[in-house]
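[1] need the 3D shape of this:
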Amino acid sequence: MGYNINEVAVAGARKLTQLDFIANNLANASTSGFKSEHLYYAMTGRDAQEGARSDLGATSTGIDFAQGTLLATGNRLDAGIEGDGFFAVEENGGTTYTRNGSFVLNKNKELVTKDGAKVLGDAGPLIIDGAEVNIDADGTIMVDGTMAGKFKIVSFGRPDQLTRGAGGRFIDDGNAELKKNETCRVSGGYLEASNVNAVKEMVEMIDVNRSFEAYQKIIQTMSEMDKISTNRLGKLA
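    Modelled structure (predicted):
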């Protein structure tokens, strides 16, 4: 059984949406802690009967939380997480979560993200007042030989329920099964690189562009066939 022109048009539009996801991944290929996101298609009943994958089924998105490579920066305030876990960040009266450990100090000597959100420790915002900063593997921050606090690091039983927020951070609406993490390793002076595979994304972008062009040609052909059929019916009448 064939598809009608409306179904093919919808499939073509979804290819454009898929292209948006790919472009966003590529744009953040050098963003620390960034997790790639992809658009997926579910098979329709018709596809299942024919044993073929189609772009005409329902769509869903998924964030890939795979580990990115830890890169040495030499910056005393940078921190990278190895294993499952997220830094907790305070912003707009709530808490969000990030894998981007590129931190700085504000005028109050509080540890913050590059856009000013406070990084949380087990006892609240972290104050760094001193010259020598060392970050232990368990997330403890030592300043001039004295403990200044410990990163509040959490994980989720259902990370697929997290949604992406501003600044590459993630939001838990209560369904992600928040829990404390005590098994990951924190590396001071390191940052986690984006887990985007740029080569793979480029190949997929080429494939999507070709598919979109194919859908355009199909729509054009079907439209021309409809016109021919209409003209023939008119002549018969």
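[2] sec struct for S60, please.
    strand (DSSP: H, G, I helix; E, B strand; the rest coil).
[3] out of everything not next to it in sequence, what's closest to it?
    Y40 (5.2 Å; C-beta to C-beta, 6 or more residues apart in numbering). Just so you know, the C-beta spots here come from the backbone N, C-alpha and C atoms, and that holds for glycine as well.
[4] hang on, the one you found is in a strand, isn't it?
    Yes. Counting by three-state DSSP, Y40 is found in a strand.
[5] how close does the nearest residue to D64 once chain neighbours are set aside get to T61?
    Leaving out its chain neighbours, the residue that sits closest to D64 by C-beta to C-beta, 6+ apart is S36, at 4.8 Å. Computed with C-beta to C-beta, to the nearest Å, the distance linking S36 and T61 is 11 Å.
[6] same question, D136
    Counting by C-beta to C-beta, the gap from D136 to T61 is 36 Å.
[7] with R76 instead?
    Computed as C-beta to C-beta, the R76 to T61 distance reads 37 Å.
[8] do the same with F87
    Going from F87 to T61 by C-beta to C-beta gives 23 Å.
[9] low-confidence ranges in the protein?
    In the predicted model of the chain, residues 1-15, 41-59, 211-237 satisfy pLDDT under 70.
[10] residues near the nearest residue to G165 once chain neighbours are set aside, how many?
    Using C-beta to C-beta, 6+ apart and skipping residues adjacent in sequence, the residue nearest G165 is I171, 4.5 Å away. Using other C-beta atoms under 10 Å, I171 has 15 other residues around it.
[11] what does V89 give?
    Per other C-beta under 10 Å, the neighbour tally for V89 reads 24.
[12] with the one 10 residues further on instead?
    Each residue near R99 was counted by other C-beta under 10 Å, and the total is 23.
[13] I'd say it and G33 touch.
    Yes. With contact defined as C-beta atoms under 8 Å, R99 counts as touching G33 (3.4 Å).
[14] mutual contacts of these two, please.
    Common contacts of R99 and G33 (C-beta atoms under 8 Å, 6 or more residues apart in numbering): 68, 192.
[15] okay, R76 and T61: which has more neighbours?
    R76 (16 against 13).
[16] residues near E37, how many?
    16.
[17] great, nothing more from me.
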